[in-house]
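> got a predicted structure plus its sequence, pasted below:
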Amino acid sequence: MRSIILTFLVVMTISLNAQTLDSFQWKNRLVVLVGDISKQNLEAFKSYEVLPKEITERKLVFLHIQPNSIAEILPNTQKPIENLQLYQSFKDSYPRQSIFLIGLDGGVKRSTNTLFNPKELFRIIDSMPMRASEIRRKNE
């Protein structure tokens, strides 16, 4: 009985870890910062904190993924949740990049090591077909 419960808990933990980013698909665009945040990127990040309307309008969520956890850092700051696989998954797929823009469809649209400034990021997002469709619907 004990082993059945332990197996169930392990399966649930793995399932929750895999679904961490999937839960954002079709709801939010993600800016994912993987690993330590450099001083330069921290300064760039601060420029987003004063743009809540623009962030909400573009359905943006900023996530910070560390080796053992993931946390939303903007628009809402949330307590990190344990995640043992996501960090390694990013590092295996993109060993030289640490910042990712992920679209509504869940695909990586851009990867870099330097956080985009707000004007550049908003331009990139606004040029995406799904965002263009959102803008047209809003203006109708």
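Noted; the coordinates are in hand. Numbering: from 1, shown residues only.
> spatially nearest residue to residue 70, not counting backbone neighbours?
With sequence-adjacent residues excluded and distances taken as C-beta to C-beta, 6 or more residues apart in numbering, residue 70 is closest to residue 83, at 4.6 Å. (Glycine included, C-beta is placed from N, CA and C.)
> please tell me I have it right and that neighbour contacts residue 71.
No. Assessed by C-beta atoms under 8 Å, residue 83 is found out of contact with residue 71, at 9.5 Å.
> show me which of those two is the more surrounded one.
Neighbours per residue (other C-beta atoms under 10 Å) separate residue 83 from residue 71, with residue 83 holding more: 22 against 15.
> against residue 120, how distant is the more buried one?
Going from residue 83 to residue 120 by C-beta to C-beta, to the nearest Å gives 28 Å.
> coming back round to it: residues touching the residue nearest to residue 70, list them.
By C-beta atoms under 8 Å, 6 or more residues apart in numbering, the contact list for residue 83 reads 17, 20, 65, 68, 69, 70.
> same list, those residues, but as JSON lines with secondary structure please.
Listed next are those as JSON lines, based on DSSP: H, G, I helix; E, B strand; the rest coil:
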{"residue": "17", "secondary structure": "helix"}
{"residue": "20", "secondary structure": "helix"}
{"residue": "65", "secondary structure": "strand"}
{"residue": "68", "secondary structure": "coil"}
{"residue": "69", "secondary structure": "strand"}
{"residue": "70", "secondary structure": "strand"}
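> tell me the pLDDT at the residue nearest to residue 116 when sequence neighbours are not counted?
In space, not counting the residues next to it along the chain, residue 116 is nearest to residue 124; the distance is 6.9 Å by C-beta to C-beta, 6+ apart. Per-residue pLDDT puts residue 124 at 96.
> what bits of this structure have low per-residue confidence?
1-19 (pLDDT under 70).
> in it, which spans are helices?
Using DSSP state H, the helices of the chain run over residues 2-22, 39-46, 52-57, 86-93, 118-126, 129-139.
> distance to residue 106 and mean neighbour count added to these, as TSV?
Converted to TSV, these look like this (distance: least, C-beta to C-beta, whole Å; neighbours: other C-beta atoms under 10 Å):
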stretch	distance to residue 106	mean neighbour count
helix 2-22	7	11
helix 39-46	23	13
helix 52-57	19	14
helix 86-93	13	15
helix 118-126	15	16
helix 129-139	12	11
